[in-house]
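*Asks:* Predicted model, plus sequence, below.
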Amino acid sequence: MCGIVGYIGQQPAAPIILAGLQKLEYRGYDSAGICTIDGGFADVRRSKGKLQNLVQLLEDSPLQGSVAIGHTRWATHGKPTEVNAHPHQAGPVVLVHNGIIENYLGLKMELRDQKHNFKSETDTEVIAHLIEHKMIGGSGFVDAVRTSLQELEGAYAVCLVSETEPGMMIAAKHGSPLVIGLGDQEFFVASDIPPILNHTREMVFLEDDQMVVFKDGFAHFSTLAGGPLTITPRHIDWSPLMAEKGGYRHFMLKEIFEQPRAVQDTLAGRLLEDEWDVCLDNIGLSDAKLAQVRRVCIVACGTSWHSGLVGKFLLEEHCRLPVEVDIASEFRYRNPVVGPETLLIAISQSGETADTLAAVREAKLRGALAIAVCNVIDSSIARETDGVVYTHAGPEIGVASTKAFVTQLVALYLFMLRLGRAGGSITPERMMPHFTSLLHLPALMEQALLLDNAVEAIARHYQHAGDFLFLGRGINYPIALEGALKLKEISYIHAEGYPAGEMKHGPIALIDENLPVVVIALRDRHYEKVVSNMEEVIARGGRVIAFCTEGDDEVRNRAETVLYLPECSEWIAPVLLSIPMQLLAYHVSVLKGNDVDQPRNLAKSVTVE
Ligand code: AGP
C-alpha cells in the first residue's frame, strides 16, 4: 500500500507535497520521492528509508515550481531501493502510482522490444514508458495517458505530469483509492484524506475509470474514455486523526475491513489460469529444488504460528509431505532434526521477530532450504531466507494482527499449490476448484464482514465473562486458537483455544453456566463430531456461541447464540472464520474501554528474545 500526493496551483509545491507525505506516514513506507515541474523541466528527488531522508535531501537542494507529485512506497514489487522509489520517469513523463499492475511483465517485454530501457524492477515504470511510447507515436499527453491506462490490468491510482505540458497535472484510478481536493484555483490529489484536510474540505472521491486533468486553474473531470462526467464534491469535516483511520474508530477495525482488498492484492498476478499454475516471483527455488523437498518445518510466533498450523493441513493434504509446525522460540533451542531434505517456512508479518529469525539461521546452519511468508519487503527474515512469498496486506498498524494473518493463510495456500505443481502431487486438472475458491474469497469475506453488528451484539452480551473457551477441529482448530489469542490480547479476558475432541481429556471440567464456549461447527468433514462436542458442553450448562454454515438449522435450537457464515470450501474456511473472531475480540475490547490498537504490555514486533 503506497501513498501518493499531487499539487497544482499558485503556491510553492514542494512543501505541500512533503507535508502531505508526512500525513500518509501511518501507511508505512520504505522509500519516498517527489518531482516538481519548474520552467518546463521535471526535477525528481528520491530516497530510501524514512521520509526524513527526503526532507533532508530537499533542504540541501530545494525544489522550485508550483506543480508537483510525491510518493511514499510500501514495496510490493522490487526491493525498497532508491532506484525503485517513485516518481518514475520516461522521457518527459513522470508519475507516481499506488496499486499492482498484473500485466506489467508482458507490457514491459513489448516496450523492451520497442527499445525502451528500464532502470527499476517496478510495475510502475512500465506505465511511464507506455505513455512515453504513445507520445513518441504522436499522441498528446492527455490522450497518451487515457489509452495507456486502458491497457492496464490490475489496480492503479496515478498522478502524472509531463515536461511537454508544464501547467498540467493528471490523476486517474482503477481499484486503488484517490481523493481530489478542490481549492481556489488550486487542486490537491492524494491516496487518502489526511494530506488534503489542511488545505480544503471540499473533496471528490474518484471512482474507477475516472480521470481528471488540471490546467489553467480548472479541473476537467471525465471518464477514462473521455466521456462527460458530473461530479459531486463532498464536504469532509473529519479531524486529522479520524482521517488517518479512514473514518474508522481504530486502526484495527480499519484493517479488519481492509481484508478483502488485502487478499485481492495478495492474489493479484499470481493465479496463472493459462497454465493452471501459481506464479511466486520471489520464491527463489526452482521446481527441481522444490521437488526434492521431503519434509516441511514451519516456524513462527503468535498469530503467525496459527497460520502455520493451517498451512500444515494444506500442505499435508495436497502435497502429501510431512509437516511439523513449531513455535520459533522452542525450535531454536531444541536441537532440531533438519537437513537438506527439509524445507523450513518462516512466517512473520514484520520479518523482524527475533525468535523466528534465529530459527531461520539455525535451520540454514543445518543445511535446510528456507523460505519466508512475510509482509515487509527486504526485512531481515526475508533477506536471510532463500525465497519469500510476500503478503500484500499493506502496513498493519494495529498490534493485534488481522489482515496480515488472513493474507498469510492465502500466501500459504498459494505456496501449497506451487509446491504441489512442482512436486507433481497436484495436476493441472485439479487446480480449477482451488482457483475458483481463491478468486471468490474476497466476495465471501465482504459477506462475513456484514456480521459486524451481530458480533457486536454478542460481544455486548458476553463482555463480563471471566473466561472464554474456543473449540474447533481439523483445519479450523488453529482458528479456535487464533480467536482465543485475539480476545485475550486486546480485551485482557483469559481465553483458551482447544481441539474440540480434547474436551473429555480435561477442559470439560471447566464447563459451567458462566463459561461462554465459542464452537466452530461448519458443515465440513468434522461437523457431526463437533456437534456432539457441543452437546457435551450444553449438557453441562455451558453457554455455546456457535459459528455455523448458512442454512444449518440443526444447531440453531441447541446453541445459545448462532452466527452464520457463507458456505465455502473447507480450505478457505479459516480465512472467513477469522473475521467474526477478530470482530468479537475488537468489540469486547472497545466495550471494556481498552486501547484496542496498542493493548497493554504488547509490541507490534518482538525484535528481542
Ligand atoms: C498477533 O495478534 C500478535 N500481535 C503476535 O502474536 C504476533 O503475531 C507475533 O508477535 C508474531 O509477529 P510476526 O508475525 O511479525 O513475526
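*Replies:* Cool, the structure landed.
*Asks:* From here on, just use CA atoms for contacts and neighbour counts.
*Replies:* Noted.
*Asks:* Quick check: the residue of the stretch 401-550 of the chain nearest the ligand.
*Replies:* residue 401 (3.8 Å; CA to the nearest ligand atom).
*Asks:* what's the spacing between that residue and residue 518?
*Replies:* 20 Å (CA to CA, to the nearest Å).
*Asks:* Now stretch 582-592: average pLDDT?
*Replies:* The average pLDDT within stretch 582-592 is 98.
*Asks:* Can you list the buried residues in that stretch?
*Replies:* For stretch 582-592, the neighbour count (16 or more other CA atoms under 10 Å) marks 582, 583, 584, 585, 586, 587, 588, 589, 590, 592 as buried.
*Asks:* rewinding a little: more crowded one of residue 401 and residue 518?
*Replies:* Neighbours around residue 401 and residue 518, counted as other CA atoms under 10 Å, are more numerous at residue 518. The numbers are 25 against 21.
*Asks:* Residues of the protein that sit close to the ligand?
*Replies:* 301-304, 348-351, 353, 399-401, 604-606 (CA under 6 Å from any ligand atom).
*Asks:* Quick check: the farthest pair among the residues you listed?
*Replies:* Farthest-apart pair in these is 351 and 400; separation 15.7 Å (CA to CA).
*Asks:* Just the mean pLDDT for the host helix or strand of residue 18, thanks.
*Replies:* If you go by DSSP states H and E, residue 18 is part of helix 13-23. Mean pLDDT, helix 13-23: 96.
*Asks:* Secondary structure and distance to residue 504 added to the buried residues of stretch 582-592, as a markdown table?
*Replies:* Shown next, in a markdown table, are the buried residues of stretch 582-592 (DSSP: H, G, I helix; E, B strand; the rest coil; distance: CA to CA, whole Å):
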| residue | secondary structure | distance to residue 504 |
| --- | --- | --- |
| 582 | helix | 28 |
| 583 | helix | 29 |
| 584 | helix | 26 |
| 585 | helix | 27 |
| 586 | helix | 30 |
| 587 | helix | 31 |
| 588 | helix | 29 |
| 589 | helix | 31 |
| 590 | helix | 34 |
| 592 | coil | 33 |
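*Asks:* For the stretch 201-350 of the chain, just list every one of the helices.
*Replies:* 240-244, 251-257, 259-267, 287-291, 302-319, 328-331 (DSSP state H, counting those that start in this stretch).
*Asks:* gap between the last one and the chain center?
*Replies:* Once both centres are worked out by CA atoms, centre = their mean, to the nearest Å, helix 328-331 turns out to sit 26 Å from its chain's centre.
*Asks:* circling back to that earlier point, return the entry from the residues of the chain next to the ligand with the maximum number of neighbours.
*Replies:* residue 348 (31 neighbours).
*Asks:* count of neighbours near residue 539?
*Replies:* 12.
*Asks:* what's the distance between it and residue 514?
*Replies:* 14 Å.
*Asks:* same deal with residue 524?
*Replies:* 29 Å.
*Asks:* do the same with residue 407
*Replies:* For residue 407 relative to residue 514 (CA to CA), the value is 35 Å.
*Asks:* residue contacts, the nearest residue to residue 218 once chain neighbours are set aside?
*Replies:* Once flanking residues are discounted, residue 218 sits nearest to residue 185: 6.8 Å by CA to CA, 6 or more residues apart in numbering. By CA atoms under 8 Å, 6 or more residues apart in numbering, the residues touching residue 185 are 9, 10, 217, 218.
*Asks:* sorry, back to before: just how off-centre is the helix holding residue 18 within its chain?
*Replies:* For helix 13-23, the distance to the chain centre is 25 Å (CA atoms, centre = their mean).
*Asks:* Measure how buried residue 594 is and give me the count.
*Replies:* 16.
*Asks:* is it true that it touches residue 491?
*Replies:* Yes. Contact criterion CA atoms under 8 Å: residue 594 and residue 491 qualify, at 6.7 Å.
*Asks:* ranges for the strands of the stretch 1-150 of the chain?
*Replies:* 3-8, 31-38, 41-48, 67-73, 88-90, 93-98 (DSSP state E, counting those that start in this stretch).
*Asks:* Which one of these lies nearest to residue 444?
*Replies:* strand 93-98 (24.9 Å).
*Asks:* what's the closest one packed up against?
*Replies:* Applying 3 or more CA pairs under 8 Å, 6 or more residues apart in numbering; DSSP states H and E, one finds that strand 93-98 makes contact with strand 3-8, strand 67-73, strand 88-90, helix 124-136, strand 156-162.
*Asks:* run the last query once more with 10 Å
*Replies:* Applying 3 or more CA pairs under 10 Å, 6 or more residues apart in numbering; DSSP states H and E, one finds that strand 93-98 contacts strand 3-8, strand 31-38, strand 41-48, strand 67-73, strand 88-90, helix 124-136, strand 156-162, strand 168-174.
*Asks:* Kindly state the pLDDT recorded for residue 460?
*Replies:* For residue 460, pLDDT reads 97.
*Asks:* which SSE is it in?
*Replies:* Here residue 460 is assigned to helix 452-462, by DSSP H and E.
*Asks:* same deal with residue 377?
*Replies:* Counting by DSSP H and E, residue 377 is part of no helix or strand.
*Asks:* Cool, thanks, talk later.
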